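[1] I need the structure of the sequence given here:
(chains A and B)
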Amino acid sequence: MNSFTDQSSVNSISAELDSIWSRIYYHVWWPSPGNDPMYALNPELNRSRSDYYAGNFTPHMFTNGYDSGSSLNSWLEDPKKYLNTVSTYDISFQGSRIDGRTNFEVTTSNMKNIDDASDIRLFIATVMARVIYPGSFNGMYEHHNVVIEQLLGNSGKKISYKANSDYKEKFIWSMPEAWKNNPDIRWSSGNLKVVVWIQDFKSKEILQSAEFKF
Amino acid sequence: MNKFYYKYITILCFSLWSCEDKDNVSNLDTIQIIGSQDVLMPKQTTYFYARGYDKDGNRLDKISVTWTSSDGNIASIDQEGKFIAISKGIVTISATSSDISATFDVIVSVNKKRVLSEMFTSST
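    Okay, here's the model as predicted:
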């Protein structure tokens, strides 16, 4: 599951790859919902994304929208395909954080017009880089890059990109009360991240992504 | 005797090679540009090929085309179809034979593509 916390796995990721690679985790309900707060805090989010990919087992990874299955080898090899590749899409970010309260703006653009028939969607997620869950039933107490909320909805926002036009999304966002009040997990606002991606919603291919820390 | 045969074998080979060469085709109606990439980063190269068809849609074996780039500051293309990306922008390449031509847009981008892995996991 959190195999990337295993030191031997981390060591096998080159600095070059690590610099272009974001990993985010959705906590789902197999074999049963159990008491996993990272699922229970936002089941609709996790179910929606799992249903979109029609996944029904864990651990299960998708790399830029393509199925990387359950094999650690695939998880580590598939991202390498994207080294030295470019995208027509650009994502930039500016913002600030005071404790758990954030104020930020995400700007996206594309170098070309997209076809009218395309369904290109923007996703913006708040992510907690490190969560401690001492009550974990499977003995994994430390969790990484847990998705907290999809700020443009669980199915993203459709954007009809016109060439070289900027599309801006502004947010004033605070850590949800349910996270703040949950006694089963520990986290720090300093580990808050924003992960942004642009996805062809029909083919599932992720066309560009970005990760920002405050 | 052997020299005599070698001479004619050489001429025959040259004739066959000449027949293989690309040429303008009189019944050419349309050209299609074939390429494996339409988004490249500066300094990357790729090859484009031109395929010809007659008015009935039959593919013509070998056509000779002239390659041009709409903006040599963004990318160049030589007469073998070798494309070299130079700087950010969109360039239109053209393949022309007689009065027939085709165009193809290629993007040169400096936006490195990032990878997003989405993991479905459970701690139950």
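[2] my read: residue A:201 touches residue A:120, true?
    Yes. With contact defined as Cβ atoms under 8 Å, residue A:201 and residue A:120 form a contacting pair (7.1 Å). (Glycine included, C-beta is placed from N, CA and C.)
[3] Give me the common contacts of these two.
    Both residue A:201 and residue A:120 are in contact with residue A:158, where contact means Cβ atoms under 8 Å, 6 or more residues apart in numbering or on different chains.
[4] Which one's more surrounded, the two?
    Taking neighbours as other Cβ atoms under 10 Å in any protein chain shown, residue A:201 and residue A:120 compare with residue A:120 leading, 21 against 16.
[5] so what's the more buried one closest to, chain neighbours aside?
    Nearest residue to residue A:120 in three dimensions, chain neighbours excluded: residue A:114, at 5.5 Å (Cβ to Cβ, 6 or more residues apart in numbering or on different chains).
[6] three-state assignment of the one you found?
    coil (DSSP: H, G, I helix; E, B strand; the rest coil).
[7] what's around it, how many residues?
    Residue A:114 has 18 neighbours, counted by other Cβ under 10 Å.
[8] what's the distance between residue A:165 and residue A:92?
    Relative to residue A:92, residue A:165 is positioned 14 Å away (Cβ to Cβ, to the nearest Å).
[9] Nearest residue to the middle of chain A?
    Nearest to the geometric centre of chain A sits residue A:24, at 4.0 Å (Cα atoms, centre = their mean).
[10] residue contacts, that one?
    Residue A:24 makes contact with A:125, A:127, A:145-147, A:195, B:116-119, according to Cβ under 8 Å, 6+ apart.
[11] The same query, at a cut-off of 7 Å, please.
    Residue A:24 sits next to A:125, A:127, A:145, A:147, A:195, B:118 when contact means Cβ atoms under 7 Å, 6 or more residues apart in numbering or on different chains.
[12] Equivalent analysis for residue B:85, please.
    With contact taken as Cβ under 7 Å, 6+ apart, residue B:85 is in contact with B:40-44, B:75, B:108.
[13] which of those are close to chain A?
    The overlap between these and the neighbours of chain A (Cβ under 7 Å from any Cβ of the partner chain) comes to residue B:41.
[14] Which ones among the contacts of residue B:85 map onto helices?
    Judged by DSSP state H, helices contain none of the contacts of residue B:85.
[15] out of all of them, which helix in chain A is the longest?
    When chain A is parsed with DSSP H, its longest helix is helix A:43-53.
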